[in-house]
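Visitor: how would this look folded up:
(2 chains)
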Amino acid sequence: MIETKGLTYAYPNSAQILHEICFSAERGHLLALLGNNGAGKSTLLKCLNGILPVGARVVFADGADLHGMKRRHIAQTMAYVEQSSEASRLTVYDMVLMGRKPYITVGPTAEDLAIVEQTLDRLQLRPFAMRYVDELSGGELQKVAIARAIAQRPKILLLDEPTSNLDLRNQHEVMALAAKLAYEDHILVITVIHDLNLALRYCDRFLLMDRGTVYRYGDASVITPETLEAVYQVHTRVVDIEGSKTVIVLGDPGWKEQNSDE
Amino acid sequence: MKSQRNHKSYAGYIRYKVLILVILLALLILLALVDLAIGSSGLSLGDVAKAVIGQGDRKIVTIVQKMRMPRVATALVAGFGLAAVGCVLQSILRNPMADASTLGVSPGAAFGAAFAIVVLGSGVQSPSDASVSFSSPFTLSLCAFVFSMIPTVVMISLSRLQKVKPESMILTGVALSTLFSGGTAIIQYFASTTQLGSIVFWTFGSLTSTTMREVGVMAAVTAAAFVFFFLNRWNYTALLSGESAAKSLGVNTGALIVSSMIVCSLTAAVTTAFIGILNFIGLIAPHIVRRIIGNDYRFLLPASALAGTCLLLLSDLISRMVLSPLVLPIGAITSFVGAPVFIYLINRRNRRV
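Guide: Residues are numbered from 1 along each chain as shown, chains lettered A, B, ... in the order given. This is a model prediction of the structure:
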């Protein structure tokens, strides 16, 4: 479980990004962070992980407060995958092994290596294991970064737009993996995502953000044409296709009128 | 079965990297022996190897241990330290072009040396063909050390005031380097011809002006720095994935960057204060080994240090052999060896660090 109480954040010398964010989420859920660009989604993820310093309280299930925790301890609890990972000249195996860093004191143990290999198998990265990360495609690199996060064996996994650089098949593969981690491995996965239908297909919790605040938070029932118009300023229809809620975007409310004027 | 095969190949990859370290160590020993053997006395490698451990002809032992050992030991320690510093700076500043000069150590040291020679009168005393000795080498080294640390102190002070990005640190280093170069030019403008010669000679770099005691000081600082670097080897590897990624892996990035910068500039400043400016060793040694064994700092760090030592020994050999018996300035040779190798490396495959 994670709970934020009045989380507020402003970048140095700039306007406030997050205003009094309060929400809590349990393990075993896949939570989609939704909202326009600049709504504060990525900043919220970084605050939850302590990458950005927060003044407010972020509390974990055991009552531990993010403030009092050492980075190593946070890394054993929570993993974070950036929107675009930086490629360096490391093999895929070594990069995934870096996920064991929070546990390694001198060198990797047999258990660390076993976890790396299980992770490589799970993400079908075995054929790439000895390849250098800077030789991989964007999609492969993203998968390796997720593999590294899984190797951390976190209780909470934070994903910042994990599907943004991926083709259609890889988008579904990554989201299916996130769903498995949440629903089968019983960890809390929080993901920033722009594709509403991808979110509706795999996620079971939705947090709609608007200009640094929580606009709506709950299950799929919070996704309605009204809430989407309030957050994204676009007309939508929410329909049911084969038992799955689907968003059809109709466009900017003023677009048709403007076009017809011309 | 599949799992076992992969584990084997990873174990094989680790063995390969260990083998590279062993080869570099063997090359280092060979180059050190050749460097000790080269000279007018015409010694064989066998004679030199015996003399190093104090056996064989007493005359040869004296030549090797008293006359040549300080120079070779200086090359061993300086090459090791400068390359390790370059390797670490390339991680913490996340820039493949980083080395000790990025922190402004070299221009700071050059200004300090010029200041000592002209203002404090530590100028030239007895020029000869082979070397120039200074009237007050201690003052000279002390000034070079103090001024070479100033840019780092400024950079760290700025980073305490507000969060400074690696790019800003590099640009601050460039600005401070220019400032010190300007200062050196002004001092040179008011210097006499003899003082000017002394300043130029100091900036050439020299492996022959150090005593074994000074080598001992350099070795102690370098060894302590290397232990610090090696303890942080996992952190440096993590930092290559970006600061946010490193933080999420449990690295206290702010403390790591500041403490590493202090240790790097201290090590480079001590080395530069004693031997002058040696370009390219810290820059290209990590580049060469990175191509062979990748960016895993468990191996990259020691391999870079060994490769840096080999490069400096090789440069020393070249400086003595090309126009023998004339000894060319070591700083010029490291640039001559380093620049083409570096251009080749960056053009052959344009990779990120």
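Visitor: which residues make contact with stretch A:217-233 from outside it?
Guide: For stretch A:217-233, contacts defined as C-beta atoms under 8 Å, 6 or more residues apart in numbering or on different chains pick out A:23, A:34-36, A:39, A:196, A:200, A:204-210, A:215-216, A:234-238, A:245, A:247, A:252-253. C-beta: built from backbone N, CA, C; applies to glycine.
Visitor: Sitting in strands, which of these do you find?
Guide: Within these, residues falling in strands by DSSP state E are A:23, A:34-35, A:205-210, A:215-216, A:235-238, A:245, A:247.
Visitor: now these: which count as buried?
Guide: The neighbour-count test (16 or more other C-beta atoms under 10 Å in any protein chain shown) applied to these identifies A:23, A:34-35, A:205-210, A:215-216, A:235-236, A:238, A:245, A:247 as buried.
Visitor: how many neighbours does the residue of the stretch 51-200 of chain A found nearest chain B have?
Guide: Nearest residue of the stretch 51-200 of chain A to chain B (C-beta to the nearest C-beta) works out as residue A:75 at 3.4 Å. Per other C-beta atoms under 10 Å in any protein chain shown, the neighbour tally for residue A:75 reads 26.
Visitor: correct me, but it touches residue B:252?
Guide: No - counting by C-beta atoms under 8 Å, no contact exists between residue A:75 and residue B:252, whose distance comes to 10.6 Å.
Visitor: what's the neighbour count on residue 70?
Guide: In the absence of a named chain, this looks at chain A. Neighbour tally, residue A:70, other C-beta under 10 Å: 11.
Visitor: Hmm, no, I was thinking of chain B.
Guide: 19.
Visitor: residues in contact with residue 235?
Guide: I went with chain A, as the question did not name one. A:225, A:229, A:249, A:250, A:251, A:252, A:253.
Visitor: Please refer instead to chain B.
Guide: Residue B:235 touches B:246, B:251, B:256, counting by C-beta under 8 Å, 6+ apart.
Visitor: In the stretch 51-200 of chain B, where is pLDDT below threshold?
Guide: Scanning the stretch 51-200 of chain B for pLDDT under 70 picks out the ranges B:123-135, B:162-164.
Visitor: biggest helix in chain B by residues?
Guide: Longest among the helix segments of chain B by residue count, using DSSP state H, is helix B:2-37.
Visitor: er, chain A I mean
Guide: If you go by DSSP H, chain A has its longest helix at helix A:168-183.
Visitor: Keeping just the C-alphas, turn that one into CSV.
Guide: The C-alpha coordinates for helix A:168-183 follow below in CSV (Å, rounded to 0.1, in the frame of the first residue of the first chain):
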residue,chain,number,x,y,z
LEU,A,168,1.3,-1.8,-31.3
ARG,A,169,2.4,-5.4,-30.4
ASN,A,170,5.0,-4.3,-27.9
GLN,A,171,2.6,-1.8,-26.3
HIS,A,172,0.2,-4.7,-25.5
GLU,A,173,3.1,-7.0,-24.5
VAL,A,174,4.3,-4.4,-22.0
MET,A,175,0.9,-3.7,-20.6
ALA,A,176,0.1,-7.4,-20.4
LEU,A,177,3.3,-7.8,-18.4
ALA,A,178,2.3,-4.9,-16.1
ALA,A,179,-1.1,-6.5,-15.6
LYS,A,180,0.5,-9.9,-14.7
LEU,A,181,2.9,-8.2,-12.2
ALA,A,182,-0.1,-6.5,-10.6
TYR,A,183,-2.7,-9.2,-10.6
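Visitor: Quick check: what element follows that helix along the chain?
Guide: Moving toward the C-terminus from helix A:168-183, the next helix or strand (DSSP states H and E) is strand A:188-192.
Visitor: What is that following strand packed up against?
Guide: With contacts taken as 3 or more C-beta pairs under 8 Å, 6 or more residues apart in numbering or on different chains; DSSP states H and E, strand A:188-192 sits against strand A:30-35, helix A:41-49, strand A:156-160, helix A:168-183.
Visitor: Now tabulate these in a markdown table and tack on mean pLDDT.
Guide: Shown next, in a markdown table, are the helices and strands packed on strand A:188-192 (pLDDT from 0 to 100):
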| stretch | mean pLDDT |
| --- | --- |
| strand A:30-35 | 95 |
| helix A:41-49 | 89 |
| strand A:156-160 | 95 |
| helix A:168-183 | 93 |
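Visitor: Of the ones you listed, which is nearest residue B:194?
Guide: Among those, helix A:41-49 comes nearest to residue B:194, with 59.7 Å by C-beta to C-beta.
Visitor: how about the closest one, does it reach chain B?
Guide: Yes - if you take C-beta under 8 Å from any C-beta of the partner chain as the test, helix A:41-49 does meet chain B, through A:46, A:49.
Visitor: Other residues contacting that helix?
Guide: So helix A:41-49 is in contact with A:2, A:4, A:7, A:9, A:11, A:17-18, A:21, A:33-35, A:52, A:54, A:58, A:66, A:74, A:78, A:80, A:83, A:156, A:158, A:160-161, A:190, A:192, A:209, B:244, B:247-248, going by C-beta under 8 Å, 6+ apart.
Visitor: rewinding a little: look at the residue of the stretch 51-200 of chain A closest to chain B and report its pLDDT.
Guide: What the model reports as pLDDT for residue A:75 is 92.
Visitor: One more: residue A:161?
Guide: 92.
Visitor: Could you measure from it over to residue B:107?
Guide: Distance, residue A:161 to residue B:107, by C-beta to C-beta, to the nearest Å: 43 Å.
Visitor: More neighbours: which of the two?
Guide: Neighbour comparison, residue A:161 and residue B:107: the larger count goes to residue B:107, with 26 against 21 (by other C-beta under 10 Å).
Visitor: What is the strand or helix carrying the more buried one packed up against?
Guide: Element membership for residue B:107 (DSSP H and E) is helix B:105-118. Applying 3+ C-beta pairs under 8 Å, 6+ apart, we find helix B:105-118 packed against helix B:137-161, helix B:166-190, helix B:193-204, helix B:253-275.
Visitor: From the rest of the structure, what touches the first one?
Guide: What that stands for is helix B:137-161. Applying C-beta under 8 Å, 6+ apart, the contact partners of helix B:137-161 are B:103-113, B:115-117, B:120, B:122, B:134, B:164, B:168-169, B:172-173, B:176-177, B:180, B:202, B:209, B:214, B:257-258, B:261-262, B:265-266, B:268-270, B:272-274.
Visitor: try 7 Å
Guide: Here helix B:137-161 makes contact (C-beta atoms under 7 Å, 6 or more residues apart in numbering or on different chains) with B:103-105, B:108-109, B:111-113, B:115-117, B:120, B:122, B:134, B:164, B:169, B:172-173, B:176, B:258, B:261-262, B:265, B:269-270, B:272-274.
Visitor: Please check these and keep the buried ones.
Guide: For the contacts of helix B:137-161, buried by 16+ other C-beta under 10 Å: B:103-105, B:108-109, B:111-113, B:115-117, B:122, B:134, B:164, B:169, B:172-173, B:176, B:258, B:261-262, B:265, B:269-270, B:272-274.
Visitor: before we move on, back to that, show me which of the contacts of residue B:235 is closest to chain A.
Guide: Distance to chain A across these (C-beta to the nearest C-beta) is lowest for residue B:251, with 6.6 Å.
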